[in-house]
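J.: predicted structure and sequence below. I'll ask about it afterward.
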Amino acid sequence: MSFRIRDSGLLFSAFVLISVYTSAQTPAKLTLELAEPGTPVSSKLYGLMTEEINFSYDGGLYAELIRNRVFKDTAKKAAFWDVLQGPDDKCSIHLDKNVPINKDISVSLRFDVEKNMGKVGIANEGYWGFPIRPAVTYNGRLYVRKTGTASGALTVALESLDGSMVYASAEITGISEQWQLYHFTLTTAGIIPRTSDAQFVITTTRTGSYWFNLVSLFPPTWNNRPNGNRPDLMRLLADMRPAFLRFPGGNYLEGNTFANRWDWKKTIGPLEQRSGHLSPWRYRSTDGEGLLEFLEWCEDLHMEPILAVFAGFVLNKDYLESGPFLQPFVNDALDEIEYVTGDSTTKWGARRAKDGHSQPFKLNYIEIGNEDGGDYSGNYWARYNQFYDTIKTRYPQLKIISTISTNEVYESEMQAPVRKMEIMDEHYYRTASQMEENAHQFDGYDRNGPKIMVGEWATREGSPTPNFNAALGDAAWMTGMERNADLVIMASYAPLFVNVNPGGMQWRCNLIGYNTLTAYGSPSYYAQKLFSNHIGNRVVKIIAENIPVQQQKLTSGDSVAGLLKLKKIDAFFFAATRNTLSGTVYLKMVNTQSTSQSVIISLKGVGKVSRSGKEWVLKADDPNETNTITEPDKIVPVEIGVNDLKKTFSRVLPPYSITIMELHTNK
């Protein structure tokens, strides 16, 4: 993710777009040329891009419920922890570096109880509370030690914020003066209210001192993985049927400084070896969602990993020159690839097996850095060459992805001839009007050049998740990618997640929103899901006639007197693919107008068309309408059975709508 918009001709400015739709009285005509073989559709066209932003992992997908579990979120106090005591009690907490468990989790929370009139303790506020549901078992663990005078027993519990209701509790006994790891479970009753107004507490009835570290609590996870992901978010992702996952980001890969880059070797192994690091989005990452967890995420959703490796450039514009100083990072990338793909006879393959996954993972793509166009020195190409040559020597089968194209701003400053460009990663963040205007962008790209991965893209209208106008822009843009799916081989919307609680968002306009208890898909999510769930293996050529257009008045400021230019762009977008094995045709149509659009559809070059088919319609009465945490299903697709299909038929598309048709023909 970056605040830099790569499309130099469409940089955001202080302009206001006013659209006036004009449409011919005669219907639009679409003729599908099914006798032509069509170009192949990439089997990996639609996937996911992810990074730690908007509390996407911690407080989001990664199911850990304790916030600041190793007490490193802030240097001077135990952030998100507090003391529970009455007016006559005397207790305190502070951070202690004198009794480390190891070098990674070296800061503990010391709890001193000088006076206790009944029950005192410490409380964690979680990520905007805790998800309390009936008949749920939460699995916990913590390290604890005590002074000789303290009690050898503690109570752990999930409680209401005022302590009046205990949702679940357990006893921890046998605590000694040495660090020990304790496991516990908390099970809620079958009849309790769903709520997030809860806290995790550890209490004692005695005096003395206690030290705590790596305090962890997990709800049930997807596939019951012990360090796993939140099921409702994983279900939303699974329903998209993504073909790949591009990870770990994004700015998260680079970090603001070299010390805060995503260092994959610090994200593997037991949680006791993961101290976490400061993410570029102004909060600390636990690194609980580490390299192995990313790979298991891919395994769980049957996705292919697209692994981005750190390439010696960080967000404060610091970088390493190619050559000897860069080589340790190149070697680190080789180690990372071996961890992913090596068998147990290799050093890093054996480490992966020790970490719990004996079999290697499939890996075909490596991306060198992320948005390295921000490296104004022009050194990226020399660094790219060094990574390319070293990786290809060891792993010639891997396809290498460049984070910038050879024709970007810095071509004249390139310090070395570029190796063969296999795939370029292009990023686009635009308004709906800009997406619609550029829906034909890829039509004219050179087919003899590198393939394209649109690794980050989004129509940025609406917050915290997109409104329906953004979904229309997204759908228009996706028709362009589908028409060019021989060239555009991968595409992933960004950002993927946002925690909608106050303070949870750093980047407006994100695909999926959630709070502590629930999650929802935006209109753009449902547009993505419709497109990715209904796609064939060949592009169908379409001859179009009478396509309605919109006139755009581009004005500066808020006065029509500031008119700069007037131009016309399409107001109706379409694409079609087919499955050559089954004969199924998927026709996608996007009507961005405020009025209905009649369409005559002809299937040319087929012997027979089944009368029965399916239709999915996603629409809104107003383009500013959207889904929210309180109205998650306001805009969702509606499936309609159709029984009047033939070689030529007509449809009337609703205003502001996205329509997918499934047509069955002979092969």
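T.: Done, it's in. No experiment lies behind these values; they were computed from the predicted model shown.

J.: from here on, just use CA atoms for contacts and neighbour counts.
T.: Noted.

J.: and the contacts of the helix or strand containing Glu159?
T.: Using DSSP states H and E, Glu159 sits in strand 153-160. The list of residues contacting strand 153-160 from outside it, by CA atoms under 8 Å, 6 or more residues apart in numbering, reads 165-175, 186, 197-204.

J.: in strands, which of these appear?
T.: By the criterion of DSSP state E, membership of these in strands covers 166-173, 186, 198-204.

J.: only whichever of those are buried, select them in PyMOL.
T.: Provided next is the PyMOL selection string for whichever of the ones in strands among the contacts of strand 153-160 are buried by 16 or more other CA atoms under 10 Å:
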select buried, resi 167+168+169+172+186+198+199+200+201+202+203+204
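
J.: tell me where the stretch 351-500 of the chain has helices.
T.: Counting by DSSP state H, counting those that start in this stretch, residue ranges of the helices within the stretch 351-500 of the chain are 380-394, 432-437, 468-483.

J.: need the max-distance pair from the ones in strands among the contacts of strand 153-160.
T.: Between any two of those, the greatest separation by CA to CA is 24.2 Å, found for Thr173 and Ala198.

J.: for Thr341, list the residues it contacts.
T.: 349, 360-363.

J.: between those residues, which is nearest Val454?
T.: Looking at the contacts of Thr341 and their distance to Val454, the nearest is Leu363, at 18.9 Å (CA to CA).

J.: make TSV out of the helices of the stretch 351-500 of the chain and add distance to Asp89, mean neighbour count and mean pLDDT.
T.: Formatted as TSV, the entries for these read as follows, by distance: least, CA to CA, whole Å; neighbours: other CA atoms under 10 Å; pLDDT from 0 to 100:
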stretch	distance to Asp89	mean neighbour count	mean pLDDT
helix 380-394	61	20	94
helix 432-437	59	23	96
helix 468-483	55	28	98
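
J.: give me the low-pLDDT residue ranges for the stretch 151-300 of the chain?
T.: Scanning the stretch 151-300 of the chain for pLDDT under 70 picks out no residues.

J.: ditto for the chain
T.: Residues of the chain that meet the cut-off, pLDDT under 70, sit at 1-25, 405-418, 552-567, 667.

J.: now with 50, please.
T.: For the chain, applying pLDDT under 50 flags the ranges 1-18, 20, 23-24, 409-413, 553, 555-564.

J.: show me it divided up by domain.
T.: According to automatic domain parsing, the chain comprises the domains 44-65+222-228+243-503, 81-218.

J.: count the residues that sit near Ala35.
T.: Using other CA atoms under 10 Å, Ala35 is surrounded by 12 other residues.

J.: surely it touches Gly607?
T.: No - between Ala35 and Gly607 there is no contact under CA atoms under 8 Å: 10.0 Å.

J.: to Thr221, which of the helices of the stretch 351-500 of the chain lies closest?
T.: Distances from Thr221 to each of the helices of the stretch 351-500 of the chain were compared using CA to CA; the shortest belongs to helix 468-483, at 30.2 Å.

J.: can you pull the contacts of Ala198?
T.: For Ala198, the residues meeting the contact criterion (CA under 8 Å, 6+ apart) are 125, 129-132, 158-161.

J.: now those residues as JSON lines including neighbour count and distance to Leu109?
T.: Formatted as JSON lines, the entries for the contacts of Ala198 read as follows, by neighbours: other CA atoms under 10 Å; distance: CA to CA, whole Å:
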{"residue": "Glu125", "neighbour count": "21", "distance to Leu109": "15"}
{"residue": "Gly129", "neighbour count": "23", "distance to Leu109": "20"}
{"residue": "Phe130", "neighbour count": "23", "distance to Leu109": "21"}
{"residue": "Pro131", "neighbour count": "20", "distance to Leu109": "24"}
{"residue": "Ile132", "neighbour count": "25", "distance to Leu109": "25"}
{"residue": "Leu158", "neighbour count": "26", "distance to Leu109": "19"}
{"residue": "Glu159", "neighbour count": "21", "distance to Leu109": "21"}
{"residue": "Ser160", "neighbour count": "20", "distance to Leu109": "23"}
{"residue": "Leu161", "neighbour count": "16", "distance to Leu109": "21"}
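
J.: closest to Asn139 among those residues?
T.: Leu158 (11.9 Å).

J.: quick check: bridge partners of the closest one?
T.: Under DSSP bridges, the beta-bridge partners of Leu158 are Ala168, Phe200.
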